[in-house]
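> Could you work out the structure for the sequence below:
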Amino acid sequence: MGQEISQSEFTHRDFERFGERLRRETAILHDWLRERRFTPVSGIAGFEVEAWLVDRAGQPAPLNQAFLERMADPLVVPELSVFNIELNTPPLTLGGGALRRMHDNLESLWRRCQRVAAELDATVALIGILPTLRDTDLTVEHMSDRERYRAINDQILRRRHGQPMQLAIHGAETLCLSHPDVMLEAATTSFQAHLQVAPDQAAVFFNAALALSAPLVAATANSPLLFGKVLWEETRIRLFEQGVDLPGGASSNNPAYRRVTFGNDYIKASLLELFAENLAHYPPLLPVDLSAEPAERLPHLRLHNGTIWRWNRPLLGFEADGTPHLRIEHRAMPAGPSIPDLIANAALYYGLVHALAQATPSVPATLPFAMSRANFYAAAQDGLRAEIVWLNGRRASLRQLLLEELLPLARRGLRTLEIDAADADEYLGIVAARVDSGRTGSDWQRRFLARHGPDLNELTLAYLERQRSGKPVHEWAD
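Here you go, the predicted structure:
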């Protein structure tokens, strides 16, 4: 859930001061965009992968502090729960052998993580929701020891007047329960792809990412189970939205302004629209005094943006010389099932978003936002089987759309980026085989249960064995 802070208790004056600084920094951002202060460099990509620590029986292992101390690598950091960690790889310019280098970097880091986990009699797992996880595992006692997490939990519960989170997911089965804190969010792990974009192209790339969220969720689904119930193809989407359920300010009745959201509309001209929306509709959760940092680093704006979890989120960063840049963070894809699958998913995203961003007419002209949002939730619930409305009113299943239109489009996008043709063929071939067979991570888990029975430990251990093989999920045996 982002950068660490130094305190978790705040006064009314803390909120007032933070709001004043947030308004000033949003105005600075507006000036920078008008003055063209941002770097025009685009096409730099990277990703974060959240993972589970699991014991020999396939149960969540509360070991991240000991693991991180032994790992001692700034690229591996804690997540909300003591069962979770986050892996990061260096950003790369898209082109040439970038996909292969991404694969090698992640594979190398992954193997080091596995060696350290083995020293603790554990393993590291890439899966959207761990099948063996229980509601009783998600307690504040299992929250990672960071002030940020405690503060977010306290502030959300205060805004909810102490009312517990209400979870209701209706899928193949139904799950309804109450949970007293934000730890439900720790049940979800994702693969978050970042893309640096030039300011004058940011709007079209962001709108393309919104429209593509539905097919990407369907093609990458890997979270069908929660607390023993078979729910959505990508249950993680619904779980995260309800697990950190907090309305915005003046528009509290508008679901578009929930802290976890698909959004309110397409971008019309600039990513500034989203930061202005942050200021207008999202009261601060962490009013930390960051005035020791230069205002030109926009520390309060960046911290505030990190407490709003859009499925596609704008990010602000800085080059080594202090020049600001803009990135889009696509957060809808789950972790796993394998390293090759993850790089294939990255190839699909980067190829598609570059191709669709350059298409004419633009996405907003050919697909209403309400339909883009409806497609996203249909994909999360039904995966490749979902019937959606695509550009210009075309109706198709997501499986058909991916095979007939989107995979060729992704190939054109990677060709435009001058990605090595053999790498593009290999990674998009993984996605094509997965989509053609319907054998996503979610499908594999469902089929395993149907064939072997409802033993979630057996399912998890079988999943981990196949993940360690290094084969993509469409090649896994039942």
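
> where do the helices sit along the stretch 351-478 of the chain?
Shown for the stretch 351-478 of the chain, the helices assigned by DSSP state H, counting those that start in this stretch span residues 363-366, 369-382, 398-401, 407-416, 421-437, 441-452, 456-468.

> residues making contact with the longest one?
Put plainly, it is helix 421-437. Helix 421-437 has contacts (Cβ atoms under 8 Å, 6 or more residues apart in numbering) with 97, 99-100, 219, 340-341, 343-348, 351, 384, 399, 402-403, 407, 410-411, 414-415, 440, 472-474. Any C-beta I mention is one placed from the backbone N, CA and C, and that applies to glycine too.

> switch the cut-off to 7 Å
The contact list for helix 421-437, computed with Cβ atoms under 7 Å, 6 or more residues apart in numbering, reads 97, 99-100, 219, 340-341, 343-344, 347-348, 384, 399, 402-403, 407, 410-411, 414, 440, 472-474.

> Make a PyMOL selection of the buried ones in those.
A single PyMOL command selects the buried members of those (16 or more other Cβ atoms under 10 Å):
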select buried, resi 99+100+219+340+341+343+344+347+348+384+399+402+403+407+410+411+414+440+472+473+474
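
> Poorly predicted segments of this structure, please.
1-8, 247-256 (pLDDT under 70).

> where does the spatially most central residue of it fall, phi/psi-wise?
The centroid of the chain falls nearest to residue 331 when counting by Cα atoms, centre = their mean (2.3 Å). With angles defined as degrees, to the nearest 10, residue 331 sits at phi -110, psi 10.

> Was I right to think residue 126 contacts residue 333?
No - Residue 126 is beyond contact range of residue 333, at 11.6 Å (criterion: Cβ atoms under 7 Å).

> Could you say whether residue 162 sits in a helix, a strand or coil?
Secondary structure, DSSP: H, G, I helix; E, B strand; the rest coil: residue 162 is coil.

> likewise residue 291?
Secondary structure, three-state DSSP: residue 291 is coil.

> Report the contact partners of it.
Per Cβ under 7 Å, 6+ apart, neighbours of residue 291: residue 21.

> if I look at it, how far off is residue 284?
Distance, residue 291 to residue 284, by Cβ to Cβ, to the nearest Å: 15 Å.

> again, but for residue 258
For residue 258, the distance to residue 284 equals 16 Å [Cβ to Cβ].

> which SSE is the residue nearest to residue 349 when sequence neighbours are not counted in?
Spatial nearest neighbour of residue 349, excluding adjacent residues (Cβ to Cβ, 6 or more residues apart in numbering): residue 193 at 5.1 Å. Assigned by DSSP states H and E, residue 193 falls within strand 190-197.

> From the contact counts, what lies against that strand?
strand 44-55, strand 324-334, helix 339-357 (3 or more Cβ pairs under 7 Å, 6 or more residues apart in numbering; DSSP states H and E).

> right, so these: which one is the most enclosed?
Greatest average neighbour count among these goes to helix 339-357 (a mean of 25), per mean count of other Cβ atoms under 10 Å.

> Figure out how far that one is from the centre of its chain.
14 Å (Cα atoms, centre = their mean, to the nearest Å).

> Could you do stretch 81-89 as well?
Mean-position distance between stretch 81-89 and its chain equals 13 Å (Cα atoms, centre = their mean).

> Show the contacting residues for the residue nearest to the centre of the chain.
Contacts for residue 331 (Cβ under 7 Å, 6+ apart) come out as 190, 192, 311-313.

> what's the closest of the residues you listed to residue 25?
residue 313 (17.2 Å; Cβ to Cβ).

> Can you report phi and psi for that closest one?
Per degrees, to the nearest 10, the backbone of residue 313 is at phi -120, psi 140.

> With residue 198 instead?
When read as degrees, to the nearest 10, the backbone of residue 198 gives phi -70, psi 140.

> Hmm, residue 42 and it touching each other?
Yes - assessed by Cβ under 7 Å, residue 198 is found in contact with residue 42 at 4.4 Å.

> Neighbour count: those two, which is higher?
Using other Cβ atoms under 10 Å, the more surrounded residue of residue 198 and residue 42 is residue 42, with 21 against 15.

> For the nearest residue to residue 184 once chain neighbours are set aside, give its distance to residue 88.
Closest residue to residue 184 apart from its sequence neighbours, by Cβ to Cβ, 6+ apart: residue 243 at 3.2 Å. For residue 243, the distance to residue 88 (Cβ to Cβ) stands at 23 Å.

> what's the answer for residue 117, then?
Distance from residue 117 to residue 88, by Cβ to Cβ: 17 Å.

> Name the residue in the two with the higher neighbour count.
Set residue 117 next to residue 88 and count neighbours by other Cβ under 10 Å: residue 117 wins out with 23 against 19.

> For residue 192, which residues are in contact?
Counting by Cβ under 7 Å, 6+ apart, residue 192 touches 47-48, 329-331.

> what's in contact with the helix or strand hosting residue 31?
Per DSSP H and E: residue 31 is located in helix 12-34. Contact with helix 12-34 is made by 38, 199, 270, 272, 275-276, 279, 284, 287, 289, 291, 295, 298, 300-301, 304, 324, as judged by Cβ under 7 Å, 6+ apart.

> just checking, which of those residues belong to helices?
Using DSSP state H, 272, 275-276, 279, 300-301, 304 are the members of the contacts of helix 12-34 that sit in helices.
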